[in-house]
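Enquirer: Provided below for reference: sequence and predicted model.
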Amino acid sequence: MGQTFEGLGSRIGRHLTNQRTDAVAMNVLDPFEVAEICVWPLDLGHLDTEGQRQYLDQAEFTVFQKVIKESKLGAVLNEKPPRPVAVIELPKAHRRRIIPADIFPHRKHPDVRLARRASTIASLARVISERKVSKGLRQTLLTQARRLERLAKERLEDFVHEEPTTNDD
């Protein structure tokens, strides 16, 4: 989640290719796990610079509140939550899957996602151990761990009715 004055294509491309983005570089976000994106394009042309900043702050905070409310864990992977400001009505959102249809089944497989998420957590924990980091980054580690636990529980439930195997060796 964030705000920018640059074009949407540039911003999204930077986030998903690890070019100058803290979220990817700090192992907060694994671009491999991003299946779809949702954007709210804003028209800022009618506002002066201060008005643009204020509107962007309000839009970012509104999206942040919306995403937390809709999250199954009540959390997001933001190291720094936006400053609380007035909530606004957002323009129409545009949502699209960004993973090609031919590789989507592999990427969404729970075992692949578990392995990637565990690796992301290990990398994030390493970053935390090597640097002086914010409470927000530690909160992100906890959120990632909760996401891993939830996915592991869901995957285990896939095998609830499976007969136990015996090892005759």
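Expert: Noted; the coordinates are in hand. Numbering: from 1, shown residues only.
Enquirer: the helix or strand in which residue 122 is found - contacts with which helices or strands?
Expert: Using DSSP states H and E, the element containing residue 122 is helix 110-130. Secondary-structure packing of helix 110-130 (3 or more Cβ pairs under 8 Å, 6 or more residues apart in numbering; DSSP states H and E): helix 135-157. Every C-beta, even on glycine, is put in place using the N, C-alpha and C of the backbone.
Enquirer: residues making contact with the helix it packs on?
Expert: 26, 28, 72-73, 75-81, 110-111, 113-114, 117-118, 120-121, 124-125, 127-128 (Cβ atoms under 8 Å, 6 or more residues apart in numbering).
Enquirer: and the buried ones among these, selectable in ChimeraX?
Expert: Restricted to buried positions by 16 or more other Cβ atoms under 10 Å, the ChimeraX selection for the contacts of helix 135-157 reads:
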select :26,28,75,76,77,78,79,113,117,120,121,124,127,128
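Enquirer: which residues does the residue nearest the centre of the chain contact?
Expert: In the chain, the centroid-proximal residue (Cα atoms, centre = their mean) is residue 77; its distance is 5.1 Å. Taking Cβ under 8 Å, 6+ apart, we find residue 77 in contact with 23, 28, 29, 140, 143, 144.
Enquirer: host element of the nearest residue to the third one once chain neighbours are set aside?
Expert: Pointing back at residue 29 there. Leaving aside its sequence neighbours, residue 29 sits nearest to residue 23 (Cβ to Cβ, 6 or more residues apart in numbering; 4.1 Å). Per DSSP H and E, residue 23 falls inside helix 22-25.
Enquirer: show the average pLDDT along that helix.
Expert: The predicted model gives helix 22-25 an average pLDDT of 70.
Enquirer: and it, what does it pack against?
Expert: Of the remaining helices and strands, none touches helix 22-25 by 3+ Cβ pairs under 8 Å, 6+ apart.
Enquirer: neighbouring strands of the next helix or strand after that helix in the sheet, and parallel or not?
Expert: Using DSSP H and E, the helix or strand that directly follows helix 22-25 along the chain is strand 36-39. Note on strand 36-39: by DSSP bridges, its sheet partners are strand 94-97 (antiparallel).
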